[in-house]
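J.: Provided below are the primary sequence and the corresponding predicted coordinates.
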Amino acid sequence: MAERLDDIKGMRSLDPSGLLDQLNAFPDQLEWSRGKAMPDLSGASKVVICGIGGSAIAGDVLIDLLSPSISMPLLVSRDVVLPGFADQDTLVIVASYSGNTAESLDQYHDAMRRGCRVAAVTSGGKLEELAIKNSQPMVKVPGGNQPRASLGYLLGSLALVLQRAGLGKLHDELLASVPSLRSFLDTLAPDVPSTRNQAKRIAKAMSGRVPAIYAPRSVRSVALRWQGQVNENAKMVAFSGEIPEMDHNQLVGWLEGGTGCMCRPVLLMPSEMRPTVRRMAEVTLQMLNERGLDPVFVTLPGDDLLKNVLQGIALGDMASYYLAVLKGVDPAPVTPIKEFKARISQ
């Protein structure tokens with residue numbers, strides 16, 4: 001397996017659409033939002049980010065990063081209708097990379113019916129048309145990528161909208177983090193051998209198994225991102241969950257039913273945790289090891305929450321890509337999703 005991961009020519013042959021380059025462009029995509037115009041959006045009492053799939057994960061990331069410091073309610077809605085509290089004092093940010101996502105468009109129309117304030121982040125499609133027609137603030141990001149490979153565009157743009165709405169200075173902080181993120185990604189590049197490449201080692205540890213990826217609530221978006229990338233890039237079943245929630249249900253399944261199954265727990269740990277959560281994570285790891293379940297333990301790179309999240313996402317993205325290489329599959333196509341969308345449109 002190590003030889004396959006270090007065969008750069010063979011790796012490129014599996015990836016004719018260049019998904020690897022799109023994943024490696026994560027820092028550049030964040031940088032793209034620098035200097036983009038956005039009017040003052042202050043005055044809302046609550047914010048809802050609407051999206052699904054690759055367009056929603058950016059909202060999850062922002063909530064993880066902003067939750068410790070904001071007093072305003074902020075949530076991600078993956079539904080077709082807004083939460084009942086959404087009203088004229090709510091800023092609704094509709095994020096759809098394609099601009100044609102059915103769920104996001106339904107929520108857009110729901111926001112309009114309720115008189116909410118609306119902003120949009122998209123590369124085009126019907127959402128762009130609606131935002132222009134209704135003179136609503138919009139960030140139009142570059143198109144042509146897979147939505148999941150456009151996280152930097154979506155993350156930077158949503159952070160800009162939130163900053164203009166008065167929710168901290170996270171957009172500025174994201175831009176300041178770009179150099180360290182770029183340097184970290186260099187350590188995960190295909191030309192870095194498996195012996196020194198953390199993403200390749202993690203891919204080998206998850207290969208042939210069903211990863212169940214857990215993280216404390218403070219970085220739950222990282223575990224969710226890892227799951228989605230393993231699902232879509234490596235074409236593998238994977239699940240995600242939170243510590244300590246899993247200690248009150250899934251732990252029983254692992255300890256009393258996990259031996260001999262094809263699943264493997266993966267624990268992602270940030271550099272900082274509250275003492276109670278840290279102790280719970282340590283005991284969880286101990287119990288999994290004692291039962292011979294061989295958990296993959298990953299200390300998220302970086303020395304603060306922002307670096308943990310951004311570099312942790314980059315690590316998972318590259319690990320999922322190397323998993324696809326180990327399987328010998330093209331990481332880019334998502335044929336079942338296309339089939340699903342075609343069927344619901346009939």
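T.: Right, received. Where do you want to start? Numbering: from 1, shown residues only.
J.: Mind jotting down where the helices sit in the stretch 51-200 of the chain?
T.: Per DSSP state H, counting those that start in this stretch, the stretch 51-200 of the chain carries helices over the ranges 57-66, 102-114, 125-133, 151-164, 170-176, 178-186, 198-206.
J.: Out of those helices, the one nearest residue 30 is which?
T.: helix 151-164 (4.4 Å; CB to CB). Where you see a C-beta, it was placed from the backbone N, CA and C, and this is true even at glycine.
J.: by contact count, what packs against the closest one?
T.: helix 26-32, helix 57-66, strand 90-96, strand 117-122, strand 138-140, helix 170-176 (3 or more CB pairs under 8 Å, 6 or more residues apart in numbering; DSSP states H and E).
J.: and of those, who's closest to residue 150?
T.: Residue 150 sits nearest to helix 26-32 of all the helices and strands packed on helix 151-164, at 6.7 Å, using CB to CB.
J.: hmm, who's touching that closest one?
T.: Helix 26-32 is contacted by residues 141-142, 150-153, 155-156, 174-175, 177-179, 181-182, 185, 313-314, 317 when judged by CB atoms under 8 Å, 6 or more residues apart in numbering.
J.: Separate out the buried members of these.
T.: 141, 150-153, 155-156, 174-175, 177-178, 181-182, 185, 313-314, 317 (16 or more other CB atoms under 10 Å).
J.: ok, back up a step: any idea which of the helices of the stretch 51-200 of the chain gets closest to residue 216?
T.: helix 57-66 (10.0 Å).
J.: can you map out the helices along the stretch 201-346 of the chain?
T.: Going by DSSP H, counting those that start in this stretch, the stretch 201-346 of the chain shows helices at 220-233, 250-257, 275-290, 305-327, 335-344.
J.: quick one, what contacts the residue nearest to residue 34 when sequence neighbours are not counted?
T.: Nearest residue to residue 34 in three dimensions, chain neighbours excluded: residue 175, at 5.6 Å (CB to CB, 6 or more residues apart in numbering). Shown in contact with residue 175 (CB under 8 Å, 6+ apart): 30-31, 33-34, 156.
J.: Emit the PyMOL select command for whichever of the residues you listed are buried.
T.: Buried subset of the contacts of residue 175, written as a PyMOL selection, criterion 16+ other CB under 10 Å:
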select buried, resi 30+31+33+156
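J.: I'd like to know which of the helices and strands packed on helix 151-164 is closest to residue 262.
T.: Using CB to CB, the helices and strands packed on helix 151-164 put helix 57-66 closest to residue 262, at 26.0 Å.
J.: okay, now residue 126: neighbour count?
T.: A count of neighbours around residue 126, defined by other CB atoms under 10 Å, yields 17.
J.: cool, the one 5 residues further on as well?
T.: Burial of residue 131, expressed as a neighbour count using other CB under 10 Å, amounts to 22.
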